[in-house]
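Make a model of this:
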Amino acid sequence: MRKSTVSIVIAAFLFTAASASAHHPFAAEFDHNKPVTLSGAVTRVEWANPHVYTYLDVKDAQGKVVNWKVEMGSPDALTKAGWTKTTLNNGANVTLQGWRAKDGTNYANAESMTMPDGKKMSAVTSYPGDNQRTGLASGAAPDPSAVGTAGGQTPAAAGADNTLPATASPLPFIGLIGLLFLAGGFALRFVRA
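All right, here's what the predicted structure looks like:
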């Protein structure tokens with residue numbers, strides 16, 4: 001009984017470590033030098049950890065409709081910023097500001113989203129830099145109509161490099177160690193049998 005309990009605890013830890021390792025720093029996928037403003041109709045919203053993803057149909061320069069995948073904050077962070085699972089509905093026309101993926105695909109990280117009724121909401125971006133479009137870094141007062149903005153935060157020092165390295169999270173390594181211990185435990189069990 002004790003061995004099965006230990007195995008279950010280890011398996012739960014590995015599952016948690018694996019799902020947490022899916023989270024990434026902003027700089028791993030997005031380019032802060034490629035800001036984008038997208039306007040289009042919502043086609044799908046996925047509320048799941050570690051990020052909420054919204055999909056938009058956006059017309060490109062040639063008038064062709066292209067589907068964009070947009071990363072937002074975590075479900076918990078968005079809820080604290082005033083979002084619910086029903087804030088965005090399929091077919092709603094929204095405008096978002098954010099940053100494009102480094103690889104140039106139709107993938108972006110959202111900073112804010114303007115809803116059909118004109119209400120601007122924070123998308124709880126993972127961008128750590130000091131030049132977000134909220135105006136905080138320039139010394140301008142934050143937009144009081146924007147829901148969930150970082151109104152009271154002190155902007156980062158100019159020129160500071162606030163990006164995390166791609167190896168910022170130890171969870172994949174911890175998960176690997178746990179997997180090795182689990183495999184070793186099973187190996188010992190079969191050797192003794």
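
Given the strand ranked longest in the chain, what are its sheet partners and their directions?
Scanning the chain for the longest strand, with DSSP state E as the assignment, gives strand 30-47. Taking DSSP bridges as the criterion, strand 30-47 sits next to strand 52-59 (antiparallel), strand 93-101 (antiparallel) in its sheet.

With respect to Lys80, which of the ones you listed lies nearest?
Lys80 sits nearest to strand 52-59 of all the strands paired with strand 30-47, at 12.6 Å, using C-beta to C-beta. All C-beta atoms are positioned from the backbone trio N, CA, C, and that covers glycine.

Walk me through the domains of the chain.
Structural domains annotated on the chain: 2-21+169-192, 24-167, as defined by automatic domain parsing.

least reliable of these going by mean pLDDT?
When the domains of the chain are ranked by mean pLDDT, domain 2-21+169-192 comes last with a mean of 63.

picking that back up, just put the strands paired with strand 30-47 in CSV and tack on distance to Leu180 and mean neighbour count.
Converted to CSV, these look like this (distance: least, C-beta to C-beta, whole Å; neighbours: other C-beta atoms under 10 Å):
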stretch, distance to Leu180, mean neighbour count
strand 52-59, 32, 19
strand 93-101, 33, 20
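
With distance to Glu111 added, can I get these in CSV?
Formatted as CSV, the strands paired with strand 30-47 follow (distance: least, C-beta to C-beta, whole Å):
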stretch, distance to Glu111
strand 52-59, 13
strand 93-101, 5
